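1. Structural data only, the sequence is not supplied:
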């Protein structure tokens, strides 16, 4: 491969003669164009620009992108360009590139926004997000009213399917996590309480923690990552695919058809999953307790049963209902607000999970304060 | 064809996203039984105009009149009643992917009629037969080819015997033969059912094969340049750009 060469010479009649030699390929080392451009930009500018390519070997886009720059600079400085010396193919490609004039205002000027402006914009976006969520909550409440009164259009088969997906199909992962959480709690409990000879109170610790706090919140986080994300992705993809528009044009409210059944399914399933999670956690705790402590099974079970009050259980289940509705709300809202591209679906899904978990933790704190004040 | 009577009138319509105007001051009339083409270069707002006409997107100014009744100034119930008369075939078919073809078409019927299960089944298979998809009732959309999806989408759009059928780029992504068959189908529907048909397209072959009326949107001036029969516009329109578009860039500089 011959090295690419670029020579220029200002002739006596004011013509700038540029000659290309060697192979001008993208992968070859191309000589810099700036010296030639500098000559074009000097005052007075050359009267004309002639191109000589007799020594030119192979060429590809490497040559053409150079020529485009050359021609653009020549044009800006009103220098006539004589490209008859170029190979026929290169001349045609070049005139093709300049055939369609750049649309006015089409070129975007990327500029970095000042820091404060960026912070301000982000803040306004966050405020808008909250407003959208509230507006969507309003729509959802209206829609739930219609669906529960049998006035909204939805398919019962879909509701059953959502219940299965959000409920039964989540059992394996909920089992695993809850069992392990129960074991971890029992482990920590046994290690600490044994110092005081109060090892049996591990049963209280595991039982109360699971029923009141851990089962609702762990189940909620699992479901936010599992079902909340699925809701956002499903609805978002339907949006991209114009399926939501197709519903609207038929006069079917997409919230009635897509969102309300999903919310109902999750609100029904969350307490059941939570109850199941509590049970699995207590079983996990029992397994550890029985191995590490010198107690019998009936003793441990009796201790657990005595520790858990009905109020704790109901309080935990109520939390799970709140978490379930928030997860479904975040997932569906993000899906419905999804943009029109594959990337937007990914962003919606991420946002749905993040928003779901934030809502869970915030509501957990609020509920805990309320419970304490109510003495539950 | 029966005598031309205006069915849809677009009056002083301006549309856009946020503050950005896509098209302004649109004025045209669509007669009953027309095959009306919305044409123009890419990105000129053809699909946006369609979305606005079927009630998915609000105009910034102006209105669309259906039989003299303004759509966007009406209340929710009137809008619902107007939408009942539309059928829409979206660009990619937009079939509901979690439902079979029968359920897709059935949902439209369920929304507006009280048909029983077996009657519904009959209507569904009749509609599928019309578009050449007999026997595909229990297929899911992802099991069909692009052309079949379009035809299934058409069957769904026609489920309620709409007075006005909207097509968003019906031949996009179809091979020439399939596209031609879809064109024939569109003409047959118009001739046999008297349906008014509105098509967004930039396929010249389709435009001349089926269109008897049209509007030409221009992206640069952001308004319509012409309205009328596409063949007339090609031969006689004074604007060079309109003729150039309709002749694939072969228009001569001056009108003969």
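-> Perfect, thanks for sending it. Predicted, not measured: the structure shown is a model, and the values here were computed from it.

2. what sits against residue A:94?
-> Applying CB atoms under 8 Å, 6 or more residues apart in numbering or on different chains, we find residue A:94 in contact with A:64, A:67, A:68, A:71, A:83, A:86. No exception for glycine: its C-beta is placed from N, CA and C like everyone else's.

3. what about the fifth one, neighbour count?
-> Translated: residue A:83. Residue A:83 is surrounded by 16 other residues when neighbours are defined as other CB atoms under 10 Å in any protein chain shown.

4. can you check the third one too?
-> Residue neighbour count, defined by other CB under 10 Å, stands at 15 for residue A:68.

5. can I assume residue B:9 sits in a strand?
-> Yes: remark: residue B:9 belongs to a strand, assigned using DSSP: H, G, I helix; E, B strand; the rest coil.

6. What's opposite it in the beta bridge?
-> On the basis of DSSP bridges, residue B:9 is bridged to residue B:29, residue B:65.

7. so which residue of chain B comes closest to chain A?
-> Nearest to chain A, among the residues of chain B, is residue B:94, at 3.9 Å (CB to the nearest CB).

8. What residues does the stretch 151-256 of chain B have near chain A?
-> In this structure, the stretch 151-256 of chain B approaches chain A at residues B:156, B:220, judged by CB under 8 Å from any CB of the partner chain.

9. Now for residue B:186, how many residues are close by?
-> 24.

10. what's whatever helix or strand it lives in packed up against?
-> Element membership for residue B:186, per DSSP states H and E: helix B:176-193. Other helices and strands packing on helix B:176-193, by 3 or more CB pairs under 8 Å, 6 or more residues apart in numbering or on different chains; DSSP states H and E, are strand B:35-40, helix B:146-157, strand B:164-168, strand B:196-200, helix B:204-210.

11. how many degrees apart are the first one and helix B:176-193 in direction?
-> Counting by axes from the mean of the first three to the mean of the last three CA atoms, to 10 degrees, strand B:35-40 lies at 140 degrees to helix B:176-193.

12. Next secondary structure after strand B:35-40?
-> helix B:46-53.

13. now stretch B:204-219: mean pLDDT?
-> Taken as a whole, stretch B:204-219 has a mean pLDDT of 89.

14. buried residues in that stretch?
-> If you call a residue buried by 16 or more other CB atoms under 10 Å in any protein chain shown, then stretch B:204-219 has these buried ones: B:206, B:207, B:209, B:210, B:211, B:212, B:213, B:214, B:215, B:216, B:217, B:218.

15. Name the nearest residue to the third one, sequence neighbours excluded.
-> In this structure, residue B:209 finds its nearest non-sequential neighbour in residue B:183, 5.1 Å apart by CB to CB, 6 or more residues apart in numbering or on different chains.

16. Run through the residues that contact that neighbour.
-> Under the criterion of CB under 8 Å, 6+ apart, the contact list for residue B:183 reads B:170, B:171, B:206, B:209, B:210.

17. Report the separation between the third one and residue B:233.
-> Distance of residue B:206 to residue B:233, computed by CB to CB, to the nearest Å: 15 Å.

18. same question, the first one
-> For residue B:170, the distance to residue B:233 equals 21 Å [CB to CB].

19. Tell me which of these two has more neighbours.
-> A side-by-side neighbour count of residue B:170 and residue B:233, using other CB under 10 Å, places residue B:170 first with 26 against 23.

20. In this structure that one contacts residue B:92, no?
-> No: in this structure, residue B:170 sits apart from residue B:92 without contact. The criterion is CB atoms under 8 Å, and the distance is 11.1 Å.

21. For residue A:20, grab phi and psi.
-> According to degrees, to the nearest 10, the main-chain angles of residue A:20 amount to phi -100, psi 140.

22. and it, how many neighbours?
-> Neighbours of residue A:20 using other CB under 10 Å come to 25.

23. show me what contacts it?
-> Neighbour list for residue A:20: A:4, A:5, A:6, A:51, A:52, A:53, A:55, A:56, A:63 [criterion: CB under 8 Å, 6+ apart].

24. how much space between it and residue A:320?
-> Using CB to CB, one gets 74 Å for the distance from residue A:20 to residue A:320.

25. same question, residue A:101
-> Spatial separation of residue A:101 from residue A:320 under the definition CB to CB is 63 Å.

26. circling back: how about the helices and strands packed on helix B:176-193, which one is nearest residue A:316?
-> helix B:146-157 (46.0 Å; CB to CB).

27. for the closest one, which positions count as buried?
-> Along helix B:146-157, these residues count as buried under the neighbour rule (16+ other CB under 10 Å): B:147, B:148, B:149, B:150, B:151, B:152, B:153, B:154, B:155, B:156, B:157.

28. next one: stretch A:345-352
-> Using 16+ other CB under 10 Å as the burial criterion, the residues of stretch A:345-352 that qualify are A:345, A:348, A:349, A:351, A:352.

29. who's in contact with that stretch?
-> Counting by CB under 8 Å, 6+ apart, residues outside stretch A:345-352 touching it are A:228-229, A:231-233, A:236-237, A:240, A:330-331, A:333-335, A:337-339.

30. Check stretch B:210-223 too.
-> Around stretch B:210-223, the neighbours that count as contacts under CB under 8 Å, 6+ apart are A:103, B:21-26, B:28, B:30-31, B:34-41, B:43-46, B:49, B:183, B:186-187, B:197, B:199, B:207, B:224-230, B:233, B:241-242, B:245.

31. For the stretch 1-150 of chain B, which residues are neighbours of chain A?
-> Taking CB under 8 Å from any CB as the test, the list of the stretch 1-150 of chain B residues beside chain A reads B:51, B:54-56, B:80, B:83-84, B:86, B:88, B:90-92, B:94-99, B:103, B:107-108, B:110-112.

32. Please list only the buried members of those.
-> Among the residues of the stretch 1-150 of chain B next to chain A, the ones that count as buried (16+ other CB under 10 Å) are B:51, B:54-56, B:83, B:86, B:88, B:90-92, B:94-96, B:98-99, B:103, B:107-108, B:110-111.

33. which SS class is the residue with the largest distance to the centre of chain A?
-> Of all residues in chain A, residue A:12 has its C-alpha farthest from the mean position, at 63.8 Å, by CA atoms, centre = their mean. Taking three-state DSSP as the rule, one finds residue A:12 in the coil state.

34. Next, it: phi, psi?
-> Here the main-chain torsion angles of residue A:12 (degrees, to the nearest 10) amount to phi -60, psi -30.

35. buried sites along the helix or strand that contains residue A:74?
-> Here residue A:74 sits within helix A:61-76, counting by DSSP H and E. For helix A:61-76, the buried set under the neighbour-count rule, 16+ other CB under 10 Å, comprises A:62, A:63, A:64, A:66, A:67, A:70, A:71, A:73, A:74.
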